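# Sharing a model that was predicted from the sequence below.
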Amino acid sequence: MKRLSTKSVAFIGVFAALHGTLYLISPLFLWRNWAIYLAPIEALVLGPWAGFSAALIGSTLGRFVLPTNMWMFGIIAEPLSVLCAGFLIKGKWQPVLAIYAVMFAAYFVSPIGRGLPLWPLLDTMIAFCLVYPAAKLSKNLFGEKVKLLPASLVLVSFITVATDAFVRVFLFVPVGLYSSVFGMPTDALYIAFVSGGVDSFIEDVLVIVVSLAVGVPILLALRKILHFRQPLS
């Protein structure tokens, strides 16, 4: 990453604080915390590497203040989802496809992964197919065609939340944290995987709604007030 300006460092600090705060105020029963709604905006404003840094700092500090036995999921999945979103916003689809390819390969090579139902990963498969179109349409996020901005932001937001979920699945199943860390038998893994898939579909819809209701006005305001035309990194 190129040397960051004082402005970039300040923005990273602000978004890291927002990220950590959203984690801290999220209800404990959620599959993922409210920071996932901030992730697309982090990527839009900060870009891939600065956004990754802000999400990593925020997610780590949040779990330092409020520890959980599932800490490793958040501090890996959240920054990676912002990184992927940042790449798409810069029009770079190749790194995102590579990340997905590695996780899919590991999942289907794993005997446990092949034994689990496929439908909970449906949103992830759809996101994989949308990576290239999202990268090509990302120019609408900063271009003059404002009417296409909501559609572009929805695509990026959907891929962001799907990436977050898939990284967690990757850690849980192929990496084997379900047994090595949580001591979970296969039957319990099946139940957790299916229920997590249902929660994931609900959050896909919620992230899209939040992006349209909040993300679009924020981006338009940044473009108008700060003359924001591209991510900071």
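Right, received. Where do you want to start?
# so what secondary structure elements neighbour the helix or strand where S81 lies?
Using DSSP states H and E, S81 sits within helix 71-89. In terms of contacts (3 or more Cβ pairs under 8 Å, 6 or more residues apart in numbering; DSSP states H and E), helix 71-89 is packed against helix 35-65, helix 94-109, helix 122-137, helix 149-172. (Each C-beta comes from the backbone N, C-alpha and C, glycine too.)
# switch the cut-off to 10 Å
helix 6-24, helix 35-65, helix 94-109, helix 122-137, helix 149-172 (3 or more Cβ pairs under 10 Å, 6 or more residues apart in numbering; DSSP states H and E).
# And the lowest-mean-pLDDT helix or strand in the chain, what's buried?
None of the helices or strands of the chain scores lower by mean pLDDT, DSSP states H and E than helix 216-225, at a mean of 80. Within helix 216-225, the residues that qualify as buried are V216, L219, L222, counting by 16 or more other Cβ atoms under 10 Å.
# Stretch 142-157 now?
F142, L149, P150, S152, L153, V154, L155, V156, S157.
# Reformat the residues you listed as CSV; add pLDDT and distance to T6.
Below are the buried residues of stretch 142-157 laid out as CSV (pLDDT from 0 to 100; distance: Cβ to Cβ, whole Å):
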residue, pLDDT, distance to T6
F142, 75, 22
L149, 82, 29
P150, 86, 32
S152, 87, 30
L153, 89, 28
V154, 91, 33
L155, 93, 32
V156, 93, 27
S157, 92, 29
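# and the residue nearest the centre of the chain, what is it in contact with?
Of all residues in the chain, the one closest to the mean position by Cα atoms, centre = their mean is S81, 3.0 Å from it. Contact analysis of S81 by Cβ atoms under 10 Å, 6 or more residues apart in numbering lists 32, 35-36, 39-40, 42-43, 51-52, 55, 159-168.
# Give me the below-cutoff pLDDT ranges for the protein.
For the chain, applying pLDDT under 70 flags the ranges 1-4, 29-31, 143-145, 226-229.
# repeat that for 80
For the chain, the stretches with pLDDT under 80 are 1-8, 27-32, 139-148, 222-233.
# contacting residues around the residue nearest to S53 when sequence neighbours are not counted?
Closest residue to S53 apart from its sequence neighbours, by Cβ to Cβ, 6 or more residues apart in numbering: I12 at 5.6 Å. I12 makes contact with 4, 42, 45-46, 49-58, 232-233, according to Cβ under 10 Å, 6+ apart.
# From L18, how far out is I12?
11 Å (Cβ to Cβ, to the nearest Å).
# Now for the two: what residues contact both?
With Cβ under 10 Å, 6+ apart as the test, I12 and L18 both reach E42, A54, G58.
# Select only the buried ones of the residues you listed in ChimeraX?
Filtering the shared contacts of I12 and L18 down to the buried ones (16+ other Cβ under 10 Å) takes a single ChimeraX command:
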select :42,54,58
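# can you tell me which of the shared contacts of I12 and L18 lies nearest to V205?
Proximity of the shared contacts of I12 and L18 to V205 (Cβ to Cβ) peaks at E42, which lies at 20.4 Å.
# Verify the stated contact: that closest one with C84.
No - E42 is beyond contact range of C84, at 11.7 Å (criterion: Cβ atoms under 10 Å).
# between the two, what contacts are shared?
Counting by Cβ under 10 Å, 6+ apart, the residues touching both E42 and C84 are G51, F52, T160.
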